[in-house]
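Engineer: Got a predicted model here, sequence first, then my questions.
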Amino acid sequence: MQNCWEFKKCGREPGGFKVDEEGVCPAATYEAADGFLGGRNGGRACAFITGSLCCETLPCTVRDKEKNCEPCSFFNELKYFHGRNFSLKALLQKVKHQTG
């Protein structure tokens, strides 16, 4: 499975085609989540990272994400393939373990 920026082709990864216009997405550079569900940086944790895209176009907070990510096909694939390992709790445990 791909990282969110590869799946969505948003162009906001470092060196992406929309970086000059919209900036680098925080999910693409969130190193604390590196390896979460096999992704690079926050590439599979975008639903839990403030400032990443929701509903394809709108940056939003983590609070907004619960409802806004539901229609996202990438979000739903992650939920399907990873089950309860795809959760904010699982991400926080990984981050806590890394920062120890």
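Structural biologist: Noted; the coordinates are in hand.
Engineer: CA only for contacts and neighbour counts going forward, please
Structural biologist: Noted.
Engineer: what bits of the protein have low per-residue confidence?
Structural biologist: Low-confidence segments of the chain (pLDDT under 70): 54-59, 98-100.
Engineer: Excluding chain neighbours, what is closest to the spatially most central residue of it?
Structural biologist: Centroid-nearest residue in the chain, with C-alpha atoms, centre = their mean: C46, separated by 1.3 Å. Spatial nearest neighbour of C46, excluding adjacent residues (C-alpha to C-alpha, 6 or more residues apart in numbering): A27 at 5.4 Å.
Engineer: Now name the helix or strand holding that neighbour.
Structural biologist: Here A27, judged by DSSP states H and E, is contained in helix 26-29.
Engineer: Can you pull out the residues in contact with that helix?
Structural biologist: 5, 12-14, 40-43, 45-46, 49-52 (C-alpha atoms under 8 Å, 6 or more residues apart in numbering).
Engineer: now the helices for the chain?
Structural biologist: With DSSP state H as the criterion, the chain has helices at 4-8, 19-22, 26-29, 62-68, 73-82, 88-99.
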